[in-house]
Each structure stands twice: as C-alpha cells, then as structure tokens.
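Undergrad: got a predicted structure here, sequence first:
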Amino acid sequence: MVEILRLYVEVKVVLETERLLMREFVEGDWVAVLAYQSDPLYLRYYHWMERTEADVRAFVGMFLEQQRRRPRLKFQLALILKQEDRLIGNCGIRVNDPGLREANIGYEVDSRYWGHGYATEAARAILRFGFEELRMRRIWSYCLADNVGSARVLEKIGMRQEGRLREKEFVKGQWHDHLLYALLDHEWPTI
C-alpha cells in the first residue's frame with residue numbers, strides 16, 4: 001500500500017487517446033466549461049437549473065485543489081479534442097478507499113459532441129489509468145437510469161451492471177433511479 005500511496009503523490013496526469021488529450025485542468029478552462037454546462041441538454045441530468053461564471057469557476061477550482069492534495073486521490077482531467085484543440089468535457093477517477101483499492105469514475109461531454117464515442121474513449125482511458133497505474137482492484141460508476149447514453153458508455157467499456165437503486169436522486173421535480181456498474185481488475189481489459 002505504501003507503493004500505491006507514493007504513486008498518488010508523484011503523478012501529474014496526461015493521458016492520450018486516438019482523438020483526445022486528457023490533461024490536468026488549468027484556471028482558464030472555466031470559460032469552455034461554462035459554455036457546455038450552460039446548455040439545456042447538458043443540464044437535463046443535473047440538479048442545476050443554470051450555471052454561472054461563479055459556479056463554474058468554483059467547479060474548476062475544485063479540480064485545481066484536488067491536484068494539490070497529498071496524497072492525491074482524485075484525478076479529474078479536461079478532455080481536449082485534438083483535431084480542434086477544444087475542451088469538450090472532463091473525465092476522472094476518485095480513489096474511495098486506498099486500502100481496499102476501490103475507486104469510481106465519472107465523465108461529461110459537451111452535448112454538441114455526443115454520439116461520437118468521445119465519452120467512451122475517455123472513460124476507457126481513465127479505466128486503464130485506474131487499473132494499470134493506480135492499481136485499483138475495483139472501479140465503479142453510476143448514472144441516472146434515464147440517461148441511456150451514459151449507461152451505454154459504461155457497458156461499452158466493459159462495466160457490468162450490479163444493481164438499480166430505486167428513486168435514489170431527486171432531479172428537476174422527480175425521483176430518478178440510479179444504475180450501478182463496476183469492473184474488477186481481473187476482468188480488465190475486457191475490450
């Protein structure tokens with residue numbers, strides 16, 4: 001476990017996929033994040049009714065603070081579309097319990113780029129980082145059951161649905177179920 005914790009301290013993360021550069025957030029990224037988080041399609045699955053400059057500066061500021069923590073247990077990366085050099089979302093992994101080697105992942109992509117496989121590409125890369133670099137034993141995620149696109153991403157990267165939490169979250173005036181997914185280290189790589 002000491003070796004794993006040392007890795008959390010020393011890592012400055014940059015991941016690269018075929019079409020994406022996944023890098024640490026910088027302060028100025030809030031402008032691009034505000035642009036996509038203001039979209040009603042993006043807001044559909046979140047509690048927020050709108051996003052302000054202050055909201056998004058705090059959001060990006062949280063990621064900047066996570067970069068400074070020691071040991072570092074949260075890695076949220078900006079998704080840069082290489083072809084356009086444009087920030088189109090974020091993807092990250094959060095170590096829940098270093099002793100149990102368990103973490104969870106999450107991602108979001110600008111709605112103008114939905115349906116092109118970017119979330120799947122990023123989520124697969126963050127899984128690889130979690131299993132191969134952070135040496136996690138179990139990585140899990142969840143999504144609202146109504147968010148069919150997100151559930152599809154989790155299935156495409158090899159995660160298995162473990163359950164459904166009924167009426168788990170109250171969003172925009174109604175209760176929503178959560179779908180739970182996970183993948184174990186000995187199942188990686190599954191794809």
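TA: Yep, it's here.
Undergrad: average pLDDT across the host helix or strand of Leu34?
TA: Here Leu34, judged by DSSP states H and E, is contained in helix 30-37. For helix 30-37, mean pLDDT is 97.
Undergrad: centre of the chain versus it, how much separation?
TA: Offset of helix 30-37 from its chain centre (CA atoms, centre = their mean, to the nearest Å): 16 Å.
Undergrad: for it, packing partners?
TA: helix 53-68, strand 86-97 (3 or more CB pairs under 8 Å, 6 or more residues apart in numbering; DSSP states H and E). C-beta: built from backbone N, CA, C; applies to glycine.
Undergrad: give the buried residues for the longest one.
TA: Read that as helix 53-68. 55-57, 59-60, 63, 66-67 (16 or more other CB atoms under 10 Å).
Undergrad: what's the answer for the shortest one, then?
TA: For strand 86-97, burial by neighbour count (16+ other CB under 10 Å) applies to 87-95.
Undergrad: which SSE is immediately downstream of it?
TA: In N-to-C order, the element after strand 86-97 by DSSP H and E is strand 102-109.
Undergrad: angle of that next one against strand 86-97?
TA: Relative orientation of strand 102-109 versus strand 86-97 (axes from the mean of the first three to the mean of the last three CA atoms, to 10 degrees): 160 degrees.
Undergrad: in the protein, mark out all the strands, start to finish.
TA: Using DSSP state E, the strands of the chain run over residues 14-16, 20-24, 74-81, 86-97, 102-109, 138-144, 160-171, 174-184.
Undergrad: what's the closest of these to Tyr45?
TA: strand 138-144 (5.5 Å; CB to CB).
Undergrad: any idea how far Glu155 is from the residue lying closest to Arg51 once chain neighbours are set aside?
TA: Nearest non-adjacent residue to Arg51, counting by CB to CB, 6 or more residues apart in numbering: Gln37, 4.3 Å away. Separation of Gln37 from Glu155 (CB to CB, to the nearest Å): 25 Å.
Undergrad: of these two, who's got more company?
TA: Per other CB atoms under 10 Å, whichever of Gln37 and Glu155 has more neighbours is Gln37, with 21 against 14.
Undergrad: quick one: the residue nearest to Arg51 and Val56 touch, right?
TA: Yes: Gln37 is within contact range of Val56, at 6.1 Å (criterion: CB atoms under 8 Å).
Undergrad: nearest to His47, of the buried residues of strand 86-97?
TA: Of the buried residues of strand 86-97, the one sitting nearest to His47 (CB to CB) turns out to be Asn90, at 17.6 Å.
Undergrad: which residues does the closest one contact?
TA: By CB atoms under 8 Å, 6 or more residues apart in numbering, the residues touching Asn90 are 25, 33, 63, 76-79, 107-108.
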